[in-house]
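> okay, here's the prediction I keep looking at, along with the sequence it came from:
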Amino acid sequence: MLQKILVFISMSVFSLSVIAAPAAWYKWRSKEDGTIICSQVPLGEGWEVVDGPYKDLQCRVAGKPG
């Protein structure tokens, strides 16, 4: 019985990872000097989102990945 439960749990976790999509990219601008960088994650308090989302790491292809 325990083996069936473990198989069910592992299959559930695997199926969730199959449908996961990569994070979107956004253009961020420095509040200090105006530098613009493309990043998937917030860069801190000194940065603000300028544009996005994008599918690629150069922030050229608009849209959400996946």
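That came in fine, so what should we check first?
> which helix or strand contains residue 3?
Assigned by DSSP states H and E, residue 3 belongs to helix 2-18.
> would you mark the buried spots in that helix?
Neighbour counts over helix 2-18 (16 or more other CB atoms under 10 Å) mark no residue as buried. Glycine gets a C-beta too; all of them are placed from N, C-alpha and C.
> one more: stretch 50-66?
Neighbour counts using 16+ other CB under 10 Å place 52-55, 59 of stretch 50-66 among the buried residues.
> biggest separation within these, which pair?
Largest separation among the buried residues of stretch 50-66 by CB to CB: 52 and 55, giving 10.0 Å.
> and for those two, which residues touch both?
Listed as contacting both residue 52 and residue 55 by CB atoms under 8 Å, 6 or more residues apart in numbering are 24-25.
> now stretch 19-34: how far from the chain's centre is it?
Offset of stretch 19-34 from its chain centre (CA atoms, centre = their mean, to the nearest Å): 9 Å.
> no no, stretch 58-66
Centre to centre, stretch against its chain (CA atoms, centre = their mean), the figure for stretch 58-66 is 11 Å.
> same thing with stretch 26-38?
18 Å.
> CA atoms only for it, dumped as PDB, please.
Extracted in PDB, the C-alpha atoms of stretch 26-38 (Å, rounded to 0.1, in the frame of the first residue of the first chain):
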ATOM      1  CA  TYR A  26      11.300  42.100 -18.400                       C
ATOM      2  CA  LYS A  27      13.300  45.300 -19.200                       C
ATOM      3  CA  TRP A  28      14.400  47.000 -16.000                       C
ATOM      4  CA  ARG A  29      15.700  50.600 -15.700                       C
ATOM      5  CA  SER A  30      18.100  51.800 -13.000                       C
ATOM      6  CA  LYS A  31      16.600  54.700 -11.000                       C
ATOM      7  CA  GLU A  32      20.200  55.900 -10.400                       C
ATOM      8  CA  ASP A  33      21.700  56.200 -13.900                       C
ATOM      9  CA  GLY A  34      19.000  55.000 -16.400                       C
ATOM     10  CA  THR A  35      20.800  51.800 -17.400                       C
ATOM     11  CA  ILE A  36      18.400  49.300 -19.000                       C
ATOM     12  CA  ILE A  37      18.900  45.500 -18.400                       C
ATOM     13  CA  CYS A  38      16.800  42.500 -19.400                       C
END
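> cool, thanks, signing off.
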